[in-house]
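1. this one's sequence-less:
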């Protein structure tokens, strides 16, 4: 499949005219064709206008039509076949099996949201029938549903070139909600973005939807990205990336004449708490599980375990020893981009200055080969030094040695908001777990016992979110079916005649969705 | 009941030490005792610390205990008896019947939220059971519930001294969600605030809750209010008031190290669309209904109809004539405060310079007596002049004369976000209504037919919200049971043993709430 190196604006393929970027194969340093010339303000405005023009039609597509559209996107992505896998591997340095798995996850996600759309629970229908005889005042007929917010800007993430990029979680949940989407493609994988973008473009045409339902723009975050977020036709933003990138977009969104919500998933170091009994009984096994999770995807997961907290003693020493050994044996892996690799090296360098180095992994070849890194420090030092909480994106982690369980709690309380918090615990740790839990649920979107935070299930109960700076909006999740709620707002219809009401609010429940009628669930 | 003129910090009564404010009877200009010395940074910090200390306990109270607490607040407010009514009348100039009605609404609201708490739908429980044998990867046990955000700062509104003040909609929904509340009392009705604050304080003690669940502070918005929003222990803000006040709080909240959500209900002019057939058939009756709505509560409702839009012609002329007559006959009413009265006069003065005066109401006595005002202007002028969209808080409204239905649409499209949009329509207007509806639901939180926007039912289906500047967060409502969702965030528990899980997530559904289990509603 030939790549054009151009933006996709609705059904058009449009050349950019700003400076061009090319993908780099991080395993070899080789530059990959074609070059992608960046978009400009005109391109952004054109895409935004098309999205706006499509909005009123698209948000009122039937549940079935919208579900079929999402399923068609999945089929079209699968239809690209091996070209997609090869290009994504070349652009990211991720192993083929991982990319194949991620394609499965992406298409599974689209099909899950098709189911969610059909079920219609997200419409949150509430009906309070008129009570004309009520005293002292009659009640009007009041009916509520949720409608889509408007066109959404989605920023592709570097670390999930399929599952959190052009047709990833943000795009899928926004489309499911009835919002047109304009993607700002991540510069690290433009070819992958073009391929997936074309698949969505085809699905839009096949399903007879207005072309503005979907566009993909290439260009820099500072120009194209910021212009997109500032555009008055954009009504919400989905972003996965760095804290500085996310907070910059938050600022642009807040400074608009009409401020809009930004869903930025940013920074998390995902603390793991080694409770005493578990540490004593199975410290070595925990150490191996930990390093496995740490190394997954070269540590380039939002949920990478970057912090391990335990009470000092021989058991913690043994854990550190075993984890150190596992780190030493860790093969070098290719990181996603030269920039990410450089930032990882800087982050590890900064940690070296502040904490005790326990072990480094194997040195690799290739321009972006990373060396796993494990550090340790005293809790008292950690509590004094905010810099030790900075996320090092990649396979680096820090063990915090605490005097006692009270200091473990103090460390937990000092943490910023997190995506996850993990307890390694055995039966003897119940009391400690009970003390920590209220604190951890205040700090994190997901609390795990005896597992590892990497690996985020796409399902109804998932929360991939958490207090700032894990995300910009702790009330939401960016993974799982509840992600759809980010792109909706309620509207109440008072005394509208049946013929004017949206289908889902009509008497007799013609769409058969779950509704709260006069306070009772039907 | 003797008023102390002091802040309520938990179970304490604490004198302020900043400059004092006294309420003024707007009907007479008389200053009302006692003086309320303003709080300072220390008072704010003390209240915030108490709230923080109470948070983990309060948010885990049982659904029944929390519901009983809300019901106890209602009983304690009723137990104040006539003292409350008399003081509120003296502080606001509102008629006694209105204040009595508002007390009923306030207590009804507390009891509705008690029901909502007991039903537990707001916990949004989702359970995806483990699938240990799933290929290629097993699924962990994943369970989601919602927890309270943390202590909430609530700003009392001037225009609803009971229903949107100390124990009003924001406080009630935050307490229902499990959030401690610190109220910044509105300076216009400090005595009413103290009385209601004492009632809540008593309910906290009676129910054996930690004292920090509730505090009331007196003082200025710029000092006490801003300090409260900036305090790191405050996790959300509820506000009803002016656009400048709301946007100032939004700014403070966004500049915190950890930004927090602000739910500000600000500015809305609530357009009413007079569709041709309805205007032709019953223009005079509509004019009378309109002026009745305009004058309600001296026009001091967020949903006051400040804009009327129709197509030029004899029917619109007749409507304007009839509305003008009704305005001329409108008795003067006392506005809430000298400040609000002054702003109303300024707003009307500004409109006089920009639009054609149709009629003024009767001139009244008393320092805050307001004169109803009706203006008209051409759509072409309205479209050129953003100043004509500024909310004039009070009984002033502007009729927009359009050339045709297309220009009606253009006017609607040019509007900022609104709380409500109203259609006056008859059978012959169906087509026009169908064209306008998609636009109106994009602009407003509530769309009405053949009613008036004033009068906001407290029920499940209500949306008192809307795009900016109607509110700061169009995804929410500040009236009705769905207001509880503003103060919650989801947490996912992965592989936690039964003994550690929150009650509501345990196997067997011990609390009997609605749960989504493996994609099915149980």
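-> Looks like it arrived, so ask away. Predicted model only: the values in this text are computed from it and were never measured.
2. just for the stretch 351-500 of chain A, where's the confidence low?
-> Judged against pLDDT under 70, the stretch 351-500 of chain A has no low-scoring part.
3. Spell out, range by range, the helices that occur in it.
-> Secondary structure of the stretch 351-500 of chain A (DSSP state H, counting those that start in this stretch): helices located at A:379-384, A:405-414, A:430-443.
4. Which residue comes closest to the residue of the stretch 151-300 of chain A found nearest chain B once chain neighbours are left out?
-> Taking C-beta to the nearest C-beta, chain B has its nearest neighbour within the stretch 151-300 of chain A at residue A:258, 4.7 Å off. Backbone N, C-alpha and C define where each C-beta goes, glycine included. In space, residue A:258 comes closest to residue B:468 once its chain neighbours are excluded; the distance is 4.7 Å by C-beta to C-beta, 6 or more residues apart in numbering or on different chains.
5. How about residue A:451?
-> Closest to residue A:451 by C-beta to C-beta, 6+ apart is residue B:495, at 5.4 Å.
6. for residue A:99, same thing?
-> Using C-beta to C-beta, 6+ apart, the nearest residue to residue A:99 is residue A:88, at 4.7 Å.
7. any chance of the helices of the stretch 351-500 of chain A in JSON lines, plus distance to residue A:299 and mean neighbour count?
-> Putting the helices of the stretch 351-500 of chain A into JSON lines (distance: least, C-beta to C-beta, whole Å; neighbours: other C-beta atoms under 10 Å in any protein chain shown) gives the following:
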{"stretch": "helix A:379-384", "distance to residue A:299": "20", "mean neighbour count": "17"}
{"stretch": "helix A:405-414", "distance to residue A:299": "22", "mean neighbour count": "17"}
{"stretch": "helix A:430-443", "distance to residue A:299": "21", "mean neighbour count": "18"}
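8. Nearest to residue B:125 among those would be which one?
-> With respect to residue B:125, and counting by C-beta to C-beta, the nearest of the helices of the stretch 351-500 of chain A is helix A:430-443 at 14.6 Å.
9. Give me the distance from that closest one to the chain's centre.
-> 25 Å (C-alpha atoms, centre = their mean, to the nearest Å).
10. Same question for stretch A:132-147.
-> The answer for stretch A:132-147 is 39 Å, by C-alpha atoms, centre = their mean.
11. Count residues in the vicinity of the residue lying closest to residue A:459 once chain neighbours are set aside, would you?
-> In this structure, residue A:459 finds its nearest non-sequential neighbour in residue B:128, 4.4 Å apart by C-beta to C-beta, 6+ apart. Using other C-beta atoms under 10 Å in any protein chain shown, residue B:128 has 24 other residues around it.
12. where does chain A dip in pLDDT?
-> If you take pLDDT under 70 as the line, chain A has no such spans.
13. hang on, the earlier thing: any idea how many residues pack against the residue nearest to residue A:258?
-> There are 22 residues near residue B:468, going by other C-beta under 10 Å.
14. what about it, distance to residue A:215?
-> 25 Å (C-beta to C-beta, to the nearest Å).
15. Check residue A:432 too.
-> Where residue A:215 is concerned, residue A:432 sits at a distance of 52 Å (C-beta to C-beta).
16. if I pick the residue of the stretch 151-300 of chain A closest to chain B, what's in contact with it?
-> A:232, B:416, B:417, B:467, B:468, B:469 (C-beta atoms under 8 Å, 6 or more residues apart in numbering or on different chains).
17. Can you tell me which of those is closest to residue A:342?
-> For the contacts of residue A:258, the nearest to residue A:342 is residue A:232 (36.7 Å; C-beta to C-beta).
18. Contacts only, for that closest one.
-> Contacts of residue A:232 (C-beta under 8 Å, 6+ apart): A:256, A:257, A:258.
19. Domain map for chain A?
-> Here the domain parsing of chain A from automatic domain parsing is A:7-266+A:474-486, A:271-449.
20. who in the stretch 51-200 of chain A is up against chain B?
-> A:56, A:60, A:101, A:115, A:119, A:121, A:124, A:126-128, A:136-137, A:139-140, A:142-144, A:147, A:149-150 (C-beta under 8 Å from any C-beta of the partner chain).
21. Mind checking which of the residues you listed land in strands?
-> A:126, A:127, A:128, A:142, A:143, A:144, A:147 (DSSP state E).
22. what's around the residue nearest to residue A:330 when sequence neighbours are not counted, how many residues?
-> Leaving aside its sequence neighbours, residue A:330 sits nearest to residue A:361 (C-beta to C-beta, 6+ apart; 3.5 Å). Residue A:361: 23 surrounding residues under other C-beta under 10 Å.
23. tell me the contacts of residue A:361?
-> A:295, A:327, A:328, A:329, A:330, A:331, A:332, A:370, A:371, A:372, A:373, A:395.
24. Residue A:293 against residue A:305, yeah?
-> Yes. Counting by C-beta atoms under 8 Å, residue A:293 touches residue A:305, with 5.3 Å between them.
25. Give the bridge partners for the residue nearest to residue A:459, please.
-> residue B:142 (DSSP bridges).
26. sorry, back to before: dump the contacts of residue A:232 to TSV, plus distance to residue A:207 and secondary structure.
-> As requested, these are exported to TSV (distance: C-beta to C-beta, whole Å; DSSP: H, G, I helix; E, B strand; the rest coil):
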residue	distance to residue A:207	secondary structure
A:256	32	coil
A:257	34	coil
A:258	30	coil
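27. could you point out the longest helix in chain A?
-> helix A:96-119 (DSSP state H).
28. List the contacts of that one.
-> With C-beta under 8 Å, 6+ apart, helix A:96-119 has contacts from A:63-64, A:66-68, A:70-71, A:73-74, A:77-78, A:84-85, A:88-89, A:92, A:94, A:122, A:160-163, A:167-169, A:172-173, A:175-176, A:297, A:458-459, A:481, A:484, A:513-514, B:136, B:519.
29. Can you flag the buried ones in these?
-> Neighbour counting over those (16 or more other C-beta atoms under 10 Å in any protein chain shown) leaves A:63, A:66-68, A:70-71, A:73-74, A:77, A:84-85, A:88-89, A:92, A:94, A:122, A:160-163, A:167-169, A:172-173, A:175-176, A:297, A:458-459, A:481, A:484, A:513-514 as the buried ones.
30. Quick check on residue A:38: phi, psi?
-> For residue A:38, the backbone dihedrals (degrees, to the nearest 10) come out as phi -70, psi 150.
31. Tell me how many other residues crowd it.
-> By other C-beta under 10 Å, neighbour count at residue A:38 equals 19.
32. Please report the distance of it from chain B.
-> 29 Å (C-beta to the nearest C-beta, to the nearest Å).
33. Would you confirm that that residue contacts residue A:218?
-> Yes. Using C-beta under 8 Å, residue A:38 makes contact with residue A:218 at a distance of 5.8 Å.
34. what is in contact with the two at once?
-> Contacts common to residue A:38 and residue A:218, judged by C-beta under 8 Å, 6+ apart, are A:16, A:21, A:224.
35. what residues are up against the second one?
-> If a contact means C-beta under 8 Å, 6+ apart, then residue A:21 has A:35, A:36, A:38, A:187, A:190, A:218, A:220 as its contacts.
36. Take these and keep only those in strands.
-> A:35, A:36.
37. And the furthest pair within the contacts of residue A:21?
-> A:35 and A:220 (14.0 Å).
38. neighbours of residue A:399, just the number please.
-> Number of residues near residue A:399 (other C-beta under 10 Å) recorded here: 24.
39. The one 3 residues further on too?
-> As a burial measure, residue A:402 scores 24 neighbours (other C-beta under 10 Å).
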